[in-house]
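Visitor: turn this into a model:
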Amino acid sequence: MKDLSGKTAFVTGGASGIGLSMARAFGGAGMNVMLADINEQDLEAAVRELRERQIKAEGVRCDVSERASLEDAARATIDAFGKVHVVCNNAGVGAGGAIGTVRRSDWDWTFAVNVMGVIHGMEVFLPYIRAHGEGGHYVNTASMAGLISAPGMEPYTASKYAVVGMSEGWVQQLAPEGIGVSVLCPGFVRTRIHESERARQEKYGSALDARDAERAEMTKQLVMSGLDPDRVGARVVEAILANEIYVFTHPDMAPFFKMRADAIEAAFERAAESKALQGAEFRSPTDLNFAN
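Guide: Model prediction:
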């Protein structure tokens with residue numbers, strides 16, 4: 001997409017943090033904005049703020065873990081603005097802990113929001129984008145945790161690795177239709193991710209207990225020392241206009257990713273030298289044209 005003016009953006013997790021900052025940036029680019037969030041009080045305040053900035057904005061309560069909720073939100077977006085062009089699957093939650101202490105409900109909650117929420121957003125909005133034939137763009141919020149694993153963050157990390165991998169596949173599927181896909185991988189940003197338990201649905205049980213207080217405080221300090229979210233919103237607009245696949249906000253994290261990439265490359269080299277694999281017969285995916 002080369003021109004955003006007059007087009008419409010839909011943003012989940014839009015009432016605060018990165019979602020609201022993307023909405024501000026979209027509005028600054030002349031877009032209409034539909035904010036979707038599970039927290040109605042925050043949502044109302046966010047819509048008021050955007051309107052005070054002279055941005056055409058509406059809000060809709062949405063639980064991204066429920067496909068029907070996103071379907072309702074999509075219809076509300078079309079009713080309000082007629083079309084939708086940019087869809088930001090941004091809503092996310094965080095859970096983690098020492099191995100053996102993470103509850104099943106924490107895994108379920110994290111994957112329902114962070115993974116299924118993205119899948120629902122991709123699938124529900126695609127017919128609407130295809131219908132107007134003007135092209136479009138998805139922005140799926142992952143994290144540097146979707147590229148670099150840190151101990152104690154396994155539920156969150158696994159969910160964000162999934163978002164990166166799915167987005168890479170969707171890029172190739174949708175490019176022929178003029179629909180772009182970007183995966184946003186920020187480092188620490190001053191958001192409320194450390195307070196994501198506030199929006200935890202009842203079906204996923206109670207919030208974390210006192211055993212996690214020390215880890216929660218450490219996470220809070222890291223988050224609150226992070227990047228201004230408005231910087232992220234502006235970066236996302238840049239990425240959409242340039243049709244970037246990977247959207248990074250913390251270039252200082254590059255050496256950590258290089259360490260992982262180097263370790264993986266070394267593992268391939270060991271496989272090439274492996275006696276156990278010598279003489280093995282197999283077909284490469286490149287031979288089967290899977291890469292095309």
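Visitor: where do the strands of the stretch 101-250 of the chain begin and end?
Guide: 136-141, 179-185, 246-248 (DSSP state E, counting those that start in this stretch).
Visitor: touching the shortest one from outside, list them.
Guide: Strand 246-248 is contacted from outside by 139, 144, 182, 183, 184, 185, 186, 235, 236, 239, using C-beta atoms under 8 Å, 6 or more residues apart in numbering. Bear in mind the C-beta positions are built from the backbone N, C-alpha and C, glycine included.
Visitor: residues of it that come out buried?
Guide: Across strand 246-248, burial judged by 16 or more other C-beta atoms under 10 Å covers 247, 248.
Visitor: same check, this time on stretch 103-110
Guide: Applying 16+ other C-beta under 10 Å to stretch 103-110 flags 103, 106, 107, 108, 109, 110 as buried.
Visitor: tell me where the stretch 51-200 of the chain is predicted with low confidence.
Guide: Across the stretch 51-200 of the chain, the ranges flagged by pLDDT under 70 are 192-198.
Visitor: one more time with 80
Guide: For the stretch 51-200 of the chain, the stretches flagged by pLDDT under 80 are 190-200.
Visitor: where do the helices sit along it?
Guide: 67-81, 104-111, 117-132, 154-174 (DSSP state H, counting those that start in this stretch).
Visitor: would you list the ones you listed in a markdown table and tack on distance to residue 266?
Guide: Converted to a markdown table, those look like this (distance: least, C-beta to C-beta, whole Å):
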| stretch | distance to residue 266 |
| --- | --- |
| helix 67-81 | 42 |
| helix 104-111 | 31 |
| helix 117-132 | 32 |
| helix 154-174 | 20 |
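Visitor: list the buried residues for the host helix or strand of residue 41?
Guide: Element membership of residue 41, judged by DSSP states H and E, is helix 40-52. By 16+ other C-beta under 10 Å, the buried positions in helix 40-52 come out as 42, 43, 46, 47, 49, 50.
Visitor: and the angle from whichever strand or helix holds residue 9 to helix 67-81?
Guide: According to DSSP H and E, residue 9 maps onto strand 8-12. Here strand 8-12 runs at an angle of 150 degrees relative to helix 67-81 (axes from the mean of the first three to the mean of the last three C-alpha atoms, to 10 degrees).
Visitor: direction included, what does strand 8-12 pair up with?
Guide: Strand 8-12 pairs in its sheet with strand 32-37 (parallel), strand 86-89 (parallel), by DSSP bridges.
Visitor: after it, next one along is what?
Guide: From strand 8-12, the next helix or strand downstream (DSSP H and E) is helix 17-28.
Visitor: mind giving me the packing neighbours of that next one?
Guide: strand 8-12, strand 32-37, helix 40-52, strand 86-89, helix 229-242 (3 or more C-beta pairs under 8 Å, 6 or more residues apart in numbering; DSSP states H and E).
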